[in-house]
Structure formats: C-alpha cells, structure tokens
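S.K.: pasting the sequence and the predicted coordinates here, then a few questions.
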There are 2 protein chains.
Amino acid sequence: MNDPQESLAVQEILRNRASLRKYAQRPLDEKDVNLIVEAAMRAPTAGNMMMYSMIIVSDQNLKEQLSVTCDHQPFIAKAPLVIIFLSDLQRWFDYYHKSGVEDFCLKQGIEFTGPDEADLLLSSCDALIAAQNAVIAAEALGIGSCYIGDIMENYEIHQTLLDLPPFVFPISMVCFGYYPENERPRPRERFDSRYIVHENKYRRLTNQDLEAMLASRSAGFDPHNSFAAENYGQWMYAKKTGASFSVEMARSVRKALENWRGKQYKPTE
Amino acid sequence: MNDPQESLAVQEILRNRASLRKYAQRPLDEKDVNLIVEAAMRAPTAGNMMMYSMIIVSDQNLKEQLSVTCDHQPFIAKAPLVIIFLSDLQRWFDYYHKSGVEDFCLKQGIEFTGPDEADLLLSSCDALIAAQNAVIAAEALGIGSCYIGDIMENYEIHQTLLDLPPFVFPISMVCFGYYPENERPRPRERFDSRYIVHENKYRRLTNQDLEAMLASRSAGFDPHNSFAAENYGQWMYAKKTGASFSVEMARSVRKALENWRGKQYKPTE
C-alpha cells in the first residue's frame, strides 16, 4: 500500500512514539493482545525459521519478581501486558536431534555443531524485529510500551523463573499498557543525524564532533553530582555504562554465552 | 493515536509485508529516503544512547562487493537503497576517553572496562529496533525491503570495506526498493502461535509438537535431494544451520567478538 493518508499516519506513529512507563490501570482487551502477538509473528525472520519465542507474563507474582530482577523498576509490575522476547535455537536443535542430524552429518562428512555465537546474534535479530512489530502494532491501538533491556541481567535466575532450556536467551522484554488519559510522554531529542548516518564508509567522530553531538545534553550537567563526576562523559559512564546494572549485565551475558559456543548439542540438557 | 481506520492500516501493513528481492528499477525519492532514516532515528534506544549507526550504501561498486561478500546474492547490487545497521559503542567510548573517564574511574575506585559482550547485544537491540522502524516506514511508502543477515559474515573484509573501528559491528543490512508494478511477494506461512507464544513459563516442545509444527513444511520434502538428506530436518540442517554461509558467519562473529571482551579500551585502535 502507499495511500498518502495511511503513509502519513504511519510516519506520525513512528515520529510521536516515546517510551511509556505509566499505564492506564485497566487490562488490555484480548483482541488487542492478539493483534499485537499476530503483528510480532508476521515480522521478517531469517530463512522463515522463526528463531525466537515469546513469553506473555500474566502472573502478577512473576511480574513482581521481574520488576526486581530487572534492575528494580516497580513500574514493570504495574504494566497490564509484559512480553519477554527470547532468542531461541532450542526448537530447531531439538528437531535436528529428532531427525538424526548428528548421524547424517557423520555419514556426509559435514561438521555438526551446536548453537554458536552467530546463532545467538541472528536469533536476537529475529526476536527484536518481532518485538518492534509488536510495539508499533500496539502504538496504533493506543497502547504505549517500554523496552526493558535489563532482562539480560540475572541470567541464572531468569532461567529458573521461566524454565528456559540452554539454547533460549531472553534478549528483551517489553511492557505494554493503554496511555493514561491526557498523559503522553514527549519524544526525547535524538542526536543529529550527521553523527549517526554515514555514506559508504563509517566516519569516526572527532573530539569536536563528539562535543557538538552531546552539547545540548552536557549543558544540563550538574557539577555537584553524586558520582563526583567532573564532566558529562564521566557522569554518563558512572550512571550507565559502568553502573552496577551494566556490570551485572556483562556477567550475565558472559554466563549465558557459555551455552552458545557451538559445542556438541546434548539433547538431555 | 488510536483512530480505528489508521490502526487498521498499520495492522494491514504489518500483516501483508513479505521480503522483497526484486525492485522497480528507479531510484528512491530523496524525500522517501529521508522519511525512512528519520523513522529509524525515532526508534526506542536504551537510555536514549543511540548505540547504533547506519551506513547508506550509494556507491554501486560497494553494492556489488557486498552482493558477493554477503553470501553471493546478486539482487543486493540491484537494490536502489541499501542501509547497513551497525552496533556502535565506538562513539560513546571515544567520548568517555576524551572525558578522562579512565582517570575518573581510577580515582573513584570504579572498574573501567571497554565494550563487552553485553554491550554488543544491547547495541544490537538498538540497531535492529531502528532497522525495523525503517522497514515499516518504507512499507507505508510503497517501498519493499529485505533483511540481509549475511552482513555478519566476512567481518575482516567488511571492516576494511566500510572503515569500521573495533567497537562497531555490522549486525544487519536492509535492501529497499519500490515494489515492481503488479508484483507483490505473498507473505509466507508462519508456525502456529501455540509453538512460539508461551505463558509465564517456556514450554519445551515434544517430538510430537515439533512434528506437528513442521508438518506442512516437511510435506514438501524431496527424498531425492542434493544433500542426500533422508528427512526434512536433515535437509534444513544441510541447507541452513550447517551450510557454508553459517560456518562462515560463526567464524566471523567469533572473530568480531574478540573486540567485545571488556578489555581495556585503547583510543589509538
């Protein structure tokens, strides 16, 4: 389709969306949930293999646990709909095992390897593309959303909580809920496209570029901050990249990656 | 917004989209390209940090090289618009370095680590969410698209071709072009949602489930196939998961990951 009116409507949705962390306190219509899930499942997927799964979190107790394990964000427990997006090679490798692929490889001189790092990345692409379809479908239904990357933390706890087999990794989580009346978060400023969009080659930014790119953000830097940071760069490192949740995410992902080394797949795992 | 007509239009776009590999042979309007890029840049991003970049491939020679290095897919060279989506921590770490974050960490007793595996995953989430916004914006403009996961192969070659610094990884590529007249690929069948969507806990599929999930696909299995596969599972492994492009992707990603070990960041790299 390219009806100009409809096209404009889509552009508006994409342009005006901002993460929503405060939801109208009513459950989502089942019809809307189905449309969101259906939209996710129509997302493009590598080789039509659907190397992802979704877990709809309906149990309030589970939501509350996740609101703690995902960097202590109470609003998660108040989200009417929570969906966890999983990178999933378990299904295919269970099917391969059932199909005698190990023997087949031996006979044909093909090397058989279990899920590897590339499989994790490719299946994570599948999962995120599906997640964003869900987010946009929701937006069109008047349902706001917020991504929770913190689901990558506490891998062992989430593995137990959610019964995850070894080749399933929770790559993202999304909270959904209707917009509260007359409350819409305003889209936040993005960096100028000159720093994000390149042509034909990557252009590494100079110090001057970096300064200019961050000028409006660093202008709000408070020299009397709790991190004793002397500038905005130090403050951002302390607040984000070097913060305890990031340290935990690094540990957790490294632990999860142990399963994605292309080692022999063991069906009993 | 939740105008029912507009909502329906969005659902239709998401429902009817299929990967397009044959494009109308006319360049994209600059206005449309701008709308696509703008939509990508409005995508949600962790902490509003925009840990991704885009490279618009306009150079025909570069397109042709990519059509070879991305698993020999000639249609890539014929795509009027090609965008590479990059997981990017280089910008932030260059800014951190410029801001004296290493010294700050030393003084404050915070451990300073370079980009790690979790940073790669989180920035890949950013990149893919942006990519799917681009895909949907395009669709609404009558522009079809196709994801190319194969950009993850041949890491060293792409690093050289695209001038990628160490903390920039090409996680996906998308080809775009107007639909050819009266030609629209039909959406492909997806697995039944009962195998993809779980509630509260992951449900590992039984052999019976797997059989049922793949019944319609495995029905088309040809016992006289070039892989000497005896069933559909063996055929899929030989065709996809164990194929030479997958072996290359595994090698390539493992090579790229060497940069994402949280080692000390060296600004001169």
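M.R.: Everything's here; your move. The shown structure was predicted, so the numbers you read here are calculated from the model rather than taken from an experiment.

S.K.: which residue is the nearest non-sequential neighbour of the residue nearest the centre of chain A?
M.R.: Centrality entry for chain A: nearest residue to the mean C-alpha point is residue A:172, 3.0 Å, by CA atoms, centre = their mean. The shortest distance from residue A:172 to any non-neighbouring residue, by CB to CB, 6 or more residues apart in numbering or on different chains, is to residue A:85 (4.7 Å). Any C-beta I mention is one placed from the backbone N, CA and C, and that applies to glycine too.

S.K.: A strand includes residue A:53, no?
M.R.: Yes - assigned with DSSP: H, G, I helix; E, B strand; the rest coil, residue A:53 falls within a strand.

S.K.: for it, give me its contacts.
M.R.: Residues in contact with residue A:53, defined by CB atoms under 8 Å, 6 or more residues apart in numbering or on different chains, are A:85, A:86, A:88, A:91, A:168, B:196, B:197, B:198, B:202.

S.K.: roughly how far does the closest residue to chain B within the stretch 51-200 of chain A sit from residue B:100?
M.R.: Closest residue of the stretch 51-200 of chain A to chain B, CB to the nearest CB: residue A:99 (2.3 Å). Applying CB to CB, to the nearest Å, the value for residue A:99 to residue B:100 is 57 Å.

S.K.: what of residue A:6?
M.R.: Taken as CB to CB, the span from residue A:6 to residue B:100 is 50 Å.

S.K.: repeat that for residue A:219.
M.R.: Where residue B:100 is concerned, residue A:219 sits at a distance of 19 Å (CB to CB).

S.K.: comparing these two, which shows the higher neighbour count?
M.R.: Each of residue A:219 and residue B:100 has its neighbours counted (other CB atoms under 10 Å in any protein chain shown); residue B:100 has more, 16 against 8.

S.K.: so the nearest residue to the more buried one once chain neighbours are set aside is in which element?
M.R.: Ranked by CB to CB, 6+ apart and with sequence neighbours excluded, the top spatial neighbour of residue B:100 is residue A:234, at 6.8 Å. Residue A:234 is located in helix A:232-236, with elements delineated by DSSP states H and E.

S.K.: about what we covered before: next SSE downstream of the strand or helix carrying the residue nearest to residue A:172?
M.R.: Assigned by DSSP H and E, residue A:85 belongs to strand A:81-88. Later in the chain than strand A:81-88, the nearest helix or strand by DSSP H and E is helix A:90-98.

S.K.: helices or strands up against that following helix?
M.R.: helix B:207-213, helix B:232-236 (3 or more CB pairs under 8 Å, 6 or more residues apart in numbering or on different chains; DSSP states H and E).

S.K.: what comes up buried for that helix?
M.R.: For helix A:90-98, a neighbour-count test (16 or more other CB atoms under 10 Å in any protein chain shown) marks A:90, A:91, A:92, A:93, A:94, A:95, A:96, A:97, A:98 as buried.

S.K.: quick one: residue A:171 is in a strand?
M.R.: Yes - assessed by three-state DSSP, residue A:171 belongs to a strand.

S.K.: who's in contact with it?
M.R.: Residue A:171 makes contacts with A:85, A:86, A:87, A:124, A:127, A:128, A:151, A:152, B:121, B:125, as judged by CB under 8 Å, 6+ apart.

S.K.: same check, this time on residue A:33
M.R.: Residue A:33 makes contacts with A:56, A:81, as judged by CB under 8 Å, 6+ apart.

S.K.: helix or strand for it, which one?
M.R.: Per DSSP H and E: helix A:30-41 holds residue A:33.

S.K.: how far does that helix sit from the chain's center?
M.R.: 18 Å (CA atoms, centre = their mean, to the nearest Å).

S.K.: also stretch A:249-257?
M.R.: 15 Å.

S.K.: tell me how far the residue of chain A positioned farthest from its centre lies from residue B:224.
M.R.: Relative to the centre of chain A, the most outlying C-alpha is that of residue A:107, 39.8 Å out, by CA atoms, centre = their mean. Going from residue A:107 to residue B:224 by CB to CB gives 17 Å.

S.K.: so what sits opposite the residue nearest to residue A:172 in the bridge?
M.R.: residue A:54, residue A:172 (DSSP bridges).

S.K.: any chance of the buried residues of helix A:90-98 in a markdown table, plus distance to residue A:183?
M.R.: As requested, the buried residues of helix A:90-98 are arranged in a markdown table below (distance: CB to CB, whole Å):
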| residue | distance to residue A:183 |
| --- | --- |
| A:90 | 40 |
| A:91 | 40 |
| A:92 | 43 |
| A:93 | 45 |
| A:94 | 45 |
| A:95 | 46 |
| A:96 | 49 |
| A:97 | 51 |
| A:98 | 51 |
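
S.K.: got the residue ranges for the strands in the stretch 51-200 of chain A?
M.R.: A:52-57, A:81-88, A:143-148, A:168-178, A:197-199 (DSSP state E, counting those that start in this stretch).

S.K.: doesn't residue A:42 make contact with residue A:137?
M.R.: No - between residue A:137 and residue A:42 there is no contact, the gap being 9.0 Å when judged by CB atoms under 8 Å.

S.K.: OK, contacts around the closest residue to residue A:114 other than its chain neighbours?
M.R.: Counting by CB to CB, 6+ apart, residue A:265 is the residue found nearest to residue A:114 once chain neighbours are left out, at 3.7 Å. Contact analysis of residue A:265 by CB under 8 Å, 6+ apart lists A:93, A:96, A:97, A:102, A:112, A:114, A:115, A:167.

S.K.: perfect, I'm done here.
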